[in-house]
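Engineer: kindly return the folded structure for what I paste below:
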Amino acid sequence: MLHWPFILVLIHLVLIVRALLVEGRDPYSRLAWVLALLLFPIASIVAYLLLGEPWVSGRFRRQADCAYKELAKLQPDPLDDDAIEAIPEADRGPFQVVQHISRFAATSGNTVALMADSNDAIAAMVAAMAAAEHHIHLTTYIWLTDRNGRSVVKALIAAAKRGVKCRVCADAIGSRLMIRAPQWEAMKQAGVKLCPSLGREGRLSFIAAHRIDLRNHRKILIIDGRVAFIGSQNLADPEFRIKAKFAPWVDIMLRVDGPVAAQNDILFASDWVIEKGEDLSRELCGAPVTGTGDVTAVAFGTGPLSHRGAMSDAFVGLLYAANEEVVITTPYFVPDPPLLAALLSCGRRGVKTSLILPRHNDSRVIGAISRALYPQLVDAGISLFEYRPGLLHAKTMVVDGVLCLLGSSNMDRRSLELNFENNLLFHSRAVAALIRERQDSYLADSDAVDPDTARNRSVFKRLADNILTMAGALF
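Structural biologist: Purely as a prediction, here's the structure:
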């Protein structure tokens with residue numbers, strides 16, 4: 001006869017010990033889980049079993065790491081690359097951090113163009129797909145069946161019908177409306193190879209992962225290994241009808257031509273082999289991609305298969321390299337301790353630091369946690385701004401007018417620890433000027449946060465927000 005109270009107590013104790021033993025977990029997260037398990041045992045047992053383990057199984061991680069290492073060999077060894085030597089020594093630190101994460105070398109010869117807005121970005125992506133000759137590789141998080149979403153479907157079908165190899169990874173949750181729509185089957189019938197990323201039928205499913213909410217948040221389009229589009233843009237109209245009350249969604253997207261596009265192709269191939277088991281290395285091992293541009297850049301991906309804290313390391317490396325100015329935009333701001341410390345250090349060192357967040361966040365919890373951090377930020381001398389017109393979804397960082405980071409990663413715990421993300425790091429005054437000009441347009445539509453207002457919240461507000469801040473460490 002089963003004694004359920006005894007069994008529950010045993011499970012409870014095992015999970016507390018497990019929370020203490022998991023390698024690599026930061027002390028704040030460890031403490032938060034232990035306290036939650038002690039104070040709310042039943043609810044926390046369920047939560048821990050579903051969400052408590054952020055990593056993938058060891059066996060699957062080793063297989064995926066081996067596959068990625070083989071793909072990364074298609075790029076030059078970072079230690080033998082001359083591009084980083086052309087970067088001033090004071091600016092090399094962030095590149096060395098990112099090269100360690102990605103196993104890619106910094107590349108020279110890249111050309112960068114900034115898209116005017118979301119609709120312009122989708123139109124440019126569709127035009128690039130129409131010019132594709134060999135292959136189209138696309139990864140996206142959210143794909144809607146609206147005007148922009150359908151235009152991408154039509155472009156893929158047309159390309160597949162003329163013999164271009166088309167492969168698509170669309171997140172199984174974020175793109176579920178498209179995956180269930182007739183357009184998905186139409187692409188399949190036209191010969192587009194489709195993968196509902198992190199879906200039940202994929203190799204990286206709940207069987208291989210320890211938690212159910214891992215997501216592929218990457219946003220990459222690669223054409224023939226030579227052209228790539230990278231940024232925050234989902235395949236959707238800016239009106240973003242599934243969350244219309246927060247519209248317009250304000251995104252940023254770059255077109256990059258040159259060798260860094262080939263690095264993004266390898267990132268896609270690593271996703272594809274993990275999910276589908278199809279090795280694309282022979283397809284990608286043609287002549288090295290070269291370019292005539294003057295931009296130095298490196299691509300990198302992070303996620304549950306990276307070393308813990310990889311994305312935070314990239315942000316932190318940039319912040320500690322700053323001497324004069326840092327301007328950041330992110331829709332979701334829930335930093336881990338190292339990232340928060342690096343940001344506060346910028347303000348305290350006299351670096352002119354500006355952080356632009358949306359006034360109305362589609363996640364009330366994240367908005368509350370962000371505002372709970374305002375007093376620390378303003379006390380450190382950081383200027384805070386809240387963007388008025390819609391959801392500022394662009395993820396950008398510009399340091400000293402020369403270093404730029406742009407991609408899919410937010411400054412929240414999901415992007416830092418759970419999501420598969422992709423980003424580009426640039427060393428270029430021209431690219432920095434482009435991004436700074438766009439950031440200035442965001443600032444023109446933002447209100448400065450009054451430091452006294454940030455500090456003088458009501459007791460009830462401080463209590464509620466700080467409890468949420470503590471809960472953020474659970475995830």
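Engineer: quick one: the strands in the stretch 201-350 of the chain?
Structural biologist: 220-223, 227-231, 249-250, 253-257, 295-302, 325-329 (DSSP state E, counting those that start in this stretch).
Engineer: would you map the strands across the stretch 1-150 of the chain?
Structural biologist: So, for the stretch 1-150 of the chain - with DSSP E, counting those that start in this stretch - the strands run 107-114, 135-140.
Engineer: re earlier: make JSON lines from the strands of the stretch 201-350 of the chain and add mean pLDDT to it.
Structural biologist: Formatted as JSON lines, these follow (pLDDT from 0 to 100):
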{"stretch": "strand 220-223", "mean pLDDT": "98"}
{"stretch": "strand 227-231", "mean pLDDT": "98"}
{"stretch": "strand 249-250", "mean pLDDT": "96"}
{"stretch": "strand 253-257", "mean pLDDT": "97"}
{"stretch": "strand 295-302", "mean pLDDT": "96"}
{"stretch": "strand 325-329", "mean pLDDT": "98"}
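Engineer: I'd like those strands as JSON lines, with mean neighbour count and distance to residue 463 appended.
Structural biologist: From N, CA and C alone the C-beta is placed, and that goes for glycine too. Shown next, in JSON lines, are the strands of the stretch 201-350 of the chain (neighbours: other C-beta atoms under 10 Å; distance: least, C-beta to C-beta, whole Å):
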{"stretch": "strand 220-223", "mean neighbour count": "27", "distance to residue 463": "42"}
{"stretch": "strand 227-231", "mean neighbour count": "26", "distance to residue 463": "38"}
{"stretch": "strand 249-250", "mean neighbour count": "24", "distance to residue 463": "32"}
{"stretch": "strand 253-257", "mean neighbour count": "23", "distance to residue 463": "40"}
{"stretch": "strand 295-302", "mean neighbour count": "27", "distance to residue 463": "34"}
{"stretch": "strand 325-329", "mean neighbour count": "23", "distance to residue 463": "28"}
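Engineer: how far away is the residue nearest to residue 82 when sequence neighbours are not counted from residue 87?
Structural biologist: In space, and not counting its chain neighbours, residue 82 is closest to residue 108: 7.7 Å by C-beta to C-beta, 6 or more residues apart in numbering. Separation of residue 108 from residue 87 (C-beta to C-beta, to the nearest Å): 10 Å.
Engineer: still on that earlier bit, which pLDDT value belongs to the residue nearest to residue 82?
Structural biologist: pLDDT for residue 108: 92.
Engineer: would you confirm that it contacts residue 86?
Structural biologist: Yes. The pair residue 108 / residue 86 is scored as a contact, 6.7 Å apart, by C-beta atoms under 8 Å.
Engineer: higher neighbour count, those two?
Structural biologist: Shown here are residue 108 and residue 86; by other C-beta atoms under 10 Å, residue 108 has more neighbours (22 against 11).
Engineer: how about that one, what does it touch?
Structural biologist: 82, 83, 86, 259, 291, 294, 295, 296 (C-beta atoms under 8 Å, 6 or more residues apart in numbering).
Engineer: from residue 427, how far out is the second one?
Structural biologist: Looking back up the chat, that one is residue 83. According to C-beta to C-beta, residue 83 and residue 427 sit 9 Å apart.
Engineer: next, the residue most central in space within the chain: secondary structure please.
Structural biologist: Residue closest to the average C-alpha location in the chain (C-alpha atoms, centre = their mean): residue 409, at 2.6 Å. Classification of residue 409 using DSSP: H, G, I helix; E, B strand; the rest coil returns coil.
Engineer: wait, it sits on residue 423?
Structural biologist: Yes. The pair residue 409 / residue 423 is scored as a contact, 5.5 Å apart, by C-beta under 8 Å.
Engineer: overlap in contacts of these two?
Structural biologist: Counting by C-beta under 8 Å, 6+ apart, the residues touching both residue 409 and residue 423 are 302, 311.
Engineer: as CSV, the strands of the stretch 1-150 of the chain with distance to residue 353 would be great.
Structural biologist: Shown next, in CSV, are those (distance: least, C-beta to C-beta, whole Å):
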stretch, distance to residue 353
strand 107-114, 23
strand 135-140, 32
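Engineer: deepest in the core, which of those is it.
Structural biologist: Most buried of those, by mean neighbour count (mean count of other C-beta atoms under 10 Å): strand 135-140, with a mean of 24.
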